[in-house]
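A.B. asks: predicted model and sequence follow; I will ask about them next.
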Amino acid sequence: MHITQIKSNDELYNQLQEKCQLYVWRYFKLNEPQNFLIEENKSVSLVLLDNENIIGSVMLTPETANIVRFRIVFVIPSYQRKGLGRKLMYAAEKEAKYLGFKEISLISPEENFSFYLELGYLVNGCWWNDKNTKLKTILLKKYI
């Protein structure tokens, strides 16, 4: 297994879109990817591959010159609880630091909250029920 960066013109991009439909949009109960696709031109997508199959992803989207938002973070269920999500997050944090960002922000659903705390993320707001997804979520941050 390895992690690589892809762009919208790469062969793996269509596979990433399919995986997002199965494991991200469906999880968040969204019928379409909302505004994520608009932001892809300024984002960096890292994918975790098992051979040539995408099993995980994280998108790094700049918010300011110093803050990057991690979005579309997933590892497909059959690969979870094997340390791969941690490996993917460490790679994304390393890439964010390489790109010159000082802080990472992300929105976590309640069920993933403890995972991010274990990785050193801090609460940066209050819990809310997302109006689109109906999931209880919270904003987190990490200084790098």
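C.D. replies: Perfect, thanks for sending it. Residues are numbered from 1 along each chain as shown.
A.B. asks: mind giving me the packing neighbours of the top helix by length along the chain?
C.D. replies: Under DSSP state H, the helix in the chain containing the largest number of residues is helix 84-98. The criterion is 3 or more C-beta pairs under 8 Å, 6 or more residues apart in numbering; DSSP states H and E, and the helices and strands that helix 84-98 contacts are strand 2-6, strand 44-50, strand 53-62, strand 67-75. C-betas here are computed from N, CA, C, even on glycine.
A.B. asks: so what touches that helix?
C.D. replies: Contacts made with helix 84-98 from outside it, assessed by C-beta atoms under 8 Å, 6 or more residues apart in numbering, are listed as 1, 3, 5, 44, 46, 48, 55-58, 60, 68, 70, 73, 75, 104, 115, 119, 142, 144.
A.B. asks: the same query, at a cut-off of 7 Å, please.
C.D. replies: The set of residues external to helix 84-98 that reach it, using C-beta atoms under 7 Å, 6 or more residues apart in numbering, is 1, 3, 44, 46, 48, 56, 58, 60, 68, 70, 75, 104, 115, 119, 144.
A.B. asks: now that helix: mean pLDDT?
C.D. replies: pLDDT averaged over helix 84-98 equals 97, rounded to a whole number.
A.B. asks: helix or strand right after that helix?
C.D. replies: Reading on from helix 84-98 to the C-terminus, the next helix or strand found by DSSP states H and E is strand 103-109.
A.B. asks: what's the angle from that next one to strand 67-75?
C.D. replies: Relative orientation of strand 103-109 and strand 67-75, computed by axes from the mean of the first three to the mean of the last three C-alpha atoms, to 10 degrees: 40 degrees.
A.B. asks: in its sheet, what does strand 103-109 sit against?
C.D. replies: Strand pairing for strand 103-109, determined by DSSP bridges: strand 67-75 (parallel), strand 136-143 (antiparallel).
A.B. asks: next, the buried residues of the last one.
C.D. replies: Of the residues in strand 136-143, those buried by neighbour count under the rule 16 or more other C-beta atoms under 10 Å are Thr137, Ile138, Leu139, Leu140, Lys141, Lys142.
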